[in-house]
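[1] Sequence first, then the predicted structure:
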Amino acid sequence: MKKYHQYRDIPSQLTASLADRVAVCPYRQSFHVEGDMGYVNDPNGVCFFDGKYHLFHQWSPLTYSEDSWFQGWYHLVSYDMITWEDAGVGLQTDTVYETHGAYSGSAIADGDVMRIFYTGNTRDANNERIPYQLVALMDKAGHLSKVTPPAIIGYPEGYTDHFRDPKLWKKDGHYYAVIGAQRQDKTGTSLVMHSLDGFDWSILGEVGTPYQDFGYMWECPNYFEMDDKGILLFSPQGLAPEGNYYHNIYQTGYVVGNHIDKENLRLTDQKNFVELDRGFDFYAAQVMQAGGRTILFSWMGLPDINYPTEDYAYCGCLTMPRELFLDGDKLIQKPLPELDNYRKEILSENINASEGKVFMTGFKTNLQFSVTKAEERGQVVIKLTASQDGRLGTKLILDYDRKEIILDRSQAGVPLAEEYGSQRVLLEDLGQQLDLDIYLDRSSIEIFVNGGQEVASSRIFPGDEQVYTVIEGADAELDMTIYDLTI
Ligand code: FRU
């Protein structure tokens, strides 16, 4: 068996047998993007082109069957970013510049074409990695043409072969991209590239931030502007935990500063990196700007972590897309308003937590709570039960003594990534008034706290018993509404 394949090499019997394995998985998601088989990771090429939203993601179809690891792009399209249509394989690994993967990259609508910029990964006879930065154009009929020679061959002096994931933007007729890089001293950074025609690229230099020694590699950088601010979003690897932050194996977060341009690459002198998501599973996020909106897509997973669906020949899903807003130097993340078309109210009640309430919920559910706690003492626990007796479950602990919200997945179902801890703190300044907007799919939970002030995305793998929500604890008033999601 060859180690690396192209999608077209996959025999149809193999696809069918893998589909059979996936079909019996109890953890299949309903309204999150996941693969039909194999490994799904980073969102790629998110853009609005020809009247539709386009989303690609990294996909390695045979990872759990043939021990074969090859990454290409899979393509989906949507009119509202809630329901996605399958558009088939997006980028194949079909040139000599990407024999070992069509790695992450981005796309913009550029006149009549979608302009794609991505990394071709190769290894030579000595297993040395040689990255290429490749341009591809897709027309409105979906025909893709890859441009040769590559825009950038290899990596610049002073850096290593970890040089990948270009994220494009266009401003005042110039093309720019940021790319993830590792300096020769094994610290991570991001370089800015520039082109006048979108084909012929040069490297301008590093984005200026005070982070000289901040992890060993920055993957999937994004640069985007909101109002008069420039934002660099990236996924650093190699940060040690600090207080309530950086507890996952790798991180994703952002720094806010000024606009950068060809003459000025210094974004900021402030050390203001903020981890973007406070849950257990979030990485390699990518931003799209379209129609005056800034939308964030992310992988709800992490490299080098094993997920229970691997037993069923697949792994990985994306988060729900979110809309970003800037409040001072902080990004606020909100669920898309388009979701309103998919909510069906099933219950609306005002309860007191001290009475101990149980509600039937389900796996395609939006739970909205407005919690009022006059006396800021004691705990209120919202538990998604994972056993018949209600003892086990995913717990959201509102701890008014510590003024924290804690997400505890230690008893959420099949354990995972326990070496990185089973609790995350989502908020440090819990007060009398709290809003929670929670989205449950079969094997994930996304929690928006106080109108998107904080968000936590996590995979959870409960048995079928997780259909009840139990609310108990100290005296607190909860206005709650439960919706079925009809996606
Ligand atoms: C991030 C990443 C990228 C790379 C891609 C390969 O998860 O490692 O840096 O381009 O995945 O699938």
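    Thanks, I have the structure now. Numbers count the residues shown, from 1 in each chain.
[2] Just the helices from the protein, written as ranges.
    Using DSSP state H, the helices of the chain run over residues 12-23.
[3] Around the ligand, which positions in it sit nearby?
    Within reach of the ligand by Cβ under 6 Å from any ligand atom, the chain has these residues: 41-42, 58, 71, 103-104, 119, 164-165, 219-220, 284, 303. For the C-beta atoms, the positions are set from N, CA and C on the backbone; glycine is no exception.
[4] Tell me which two in the residues you listed are the farthest apart.
    Spanning the widest gap among these are Thr119 and Pro303, at 15.4 Å by Cβ to Cβ.
[5] Those two: which has the busier surroundings?
    Ranked by neighbour count (other Cβ atoms under 10 Å), Thr119 and Pro303 place Thr119 first, with 24 against 14.
[6] who does the more buried one bridge with?
    Gln133 (DSSP bridges).
[7] you'd agree it is up against Pro166?
    Yes - assessed by Cβ atoms under 8 Å, Thr119 is found in contact with Pro166 at 6.7 Å.
[8] Need the residues touching each of these two.
    By Cβ atoms under 8 Å, 6 or more residues apart in numbering, Thr119 and Pro166 have these common neighbours: Gly105, Gln133.
[9] Show me the strands in the stretch 51-200 of the chain, by range?
    With DSSP state E, counting those that start in this stretch as the definition, the stretch 51-200 of the chain shows strands at residue ranges 52-60, 72-78, 85-91, 102-110, 113-123, 129-138, 144-153, 159-171, 174-183, 188-195.
[10] buried sites along the fourth one?
    Residues Ala102, Tyr103, Ser104, Gly105, Ser106, Ala107, Ile108, Asp110 are the ones in strand 102-110 that count as buried (16 or more other Cβ atoms under 10 Å).
[11] next one: the first one
    Going by neighbour count (16+ other Cβ under 10 Å), the buried part of strand 52-60 is Tyr53, His54, Leu55, Phe56, His57, Gln58, Trp59, Ser60.
[12] Let's see it as CSV, backbone CA atoms only.
    Extracted in CSV, the C-alpha atoms of strand 52-60 (Å, rounded to 0.1, in the frame of the first residue of the first chain):
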residue,chain,number,x,y,z
LYS,A,52,-22.4,32.0,-1.8
TYR,A,53,-20.3,31.4,1.2
HIS,A,54,-17.4,28.9,0.6
LEU,A,55,-15.8,26.9,3.3
PHE,A,56,-13.0,24.4,2.8
HIS,A,57,-11.4,22.3,5.4
GLN,A,58,-8.3,20.1,5.7
TRP,A,59,-9.2,16.5,5.0
SER,A,60,-7.3,13.3,5.2
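[13] Compute the inter-axis angle for it and strand 85-91.
    Angle of strand 52-60 versus strand 85-91, following axes from the mean of the first three to the mean of the last three Cα atoms, to 10 degrees, is 50 degrees.
[14] The last one now?
    Following the same axes, to 10 degrees, one obtains 90 degrees for the angle between strand 188-195 and strand 85-91.
[15] and strand 188-195, what other elements does it pack with?
    On a contact count with 3 or more Cβ pairs under 8 Å, 6 or more residues apart in numbering; DSSP states H and E, strand 188-195 meets strand 174-183, strand 201-206, strand 217-226, strand 229-237.
[16] quick one: strands adjacent to that strand?
    Sheet pairing for strand 188-195, using DSSP bridges, gives strand 174-183 (antiparallel), strand 201-206 (antiparallel).
[17] The third one now?
    Strand partners for strand 85-91, identified by DSSP bridges, are recorded as strand 72-78 (antiparallel).
[18] pLDDT below threshold where in this protein?
    Under the criterion pLDDT under 70, the flagged ranges of the chain are 1-5.
[19] Name the residue closest to the centre of it, please.
    In the chain, the residue lying closest to the centroid (Cα atoms, centre = their mean) is Ser298, at 1.6 Å.
[20] My read is that it contacts Val287, right?
    No - between Ser298 and Val287 there is no contact under Cβ under 8 Å: 9.6 Å.
[21] Tell me if I'm right that Gly356 and Ala474 touch.
    No - counting by Cβ under 8 Å, Gly356 stays clear of Ala474, with 11.3 Å between them.
[22] Could you report the distance from Ile438 to Gly45?
    Distance of Ile438 to Gly45, computed by Cβ to Cβ, to the nearest Å: 30 Å.
[23] Looking at the two, which is more packed in?
    The neighbour count for Ile438 versus Gly45, taken as other Cβ under 10 Å, is higher for Gly45 (28 against 21).
[24] Look up which residues are beta-bridged to the closest residue to that one other than its chain neighbours.
    Nearest residue to Gly45, sequence neighbours excluded (Cβ to Cβ, 6 or more residues apart in numbering): Ala107, at 3.7 Å. Legend: beta-bridge partners of Ala107 under DSSP bridges are Ile116.
[25] what sits against Ala107?
    For Ala107, the contacting residues are 44-47, 49, 54, 56, 114-117, 138, 168, by Cβ under 8 Å, 6+ apart.
[26] Reformat those as CSV; add distance to Arg8.
    Shown next, in CSV, are these (distance: Cβ to Cβ, whole Å):
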residue, distance to Arg8
Asn44, 20
Gly45, 20
Val46, 25
Cys47, 25
Phe49, 25
His54, 22
Phe56, 18
Met114, 22
Arg115, 25
Ile116, 19
Phe117, 24
Met138, 18
Leu168, 27
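[27] Out of the residues you listed, the closest to the ligand would be?
    Checking the contacts of Ala107 against the ligand with Cβ to the nearest ligand atom, the nearest one is Asn44 at 8.4 Å.
[28] Surely the closest one touches Met114?
    No - if you go by Cβ under 8 Å, Asn44 and Met114 don't touch, sitting 12.0 Å apart.
[29] Between those two, tell me which one has more neighbours.
    When Asn44 is set against Met114 and neighbours are counted by other Cβ under 10 Å, the residue ahead is Asn44, at 32 against 22.
[30] dump the residue contacts of the more buried one.
    Phe56, His57, Gln58, Trp73, Gly90, Ser104, Gly105, Ser106, Ala107, Tyr118, Gln286.
[31] let's go with 6 Å and repeat that
    Counting by Cβ atoms under 6 Å, 6 or more residues apart in numbering, Asn44 makes contact with Phe56, Trp73, Ser104, Gly105.
[32] Which residue, neighbours along the chain excluded, lies closest to the last one?
    Residue nearest to Gly105 in three dimensions, not counting chain neighbours: Tyr118, with 2.5 Å by Cβ to Cβ, 6+ apart.
[33] Could you tell me how many residues sit around the one you found?
    Around Tyr118 there are 30 residues (other Cβ under 10 Å).
[34] Now do the contacts for Leu407.
    Here Leu407 is in contact with Leu396, Arg424, Leu426, Ala456 (criterion: Cβ under 6 Å, 6+ apart).
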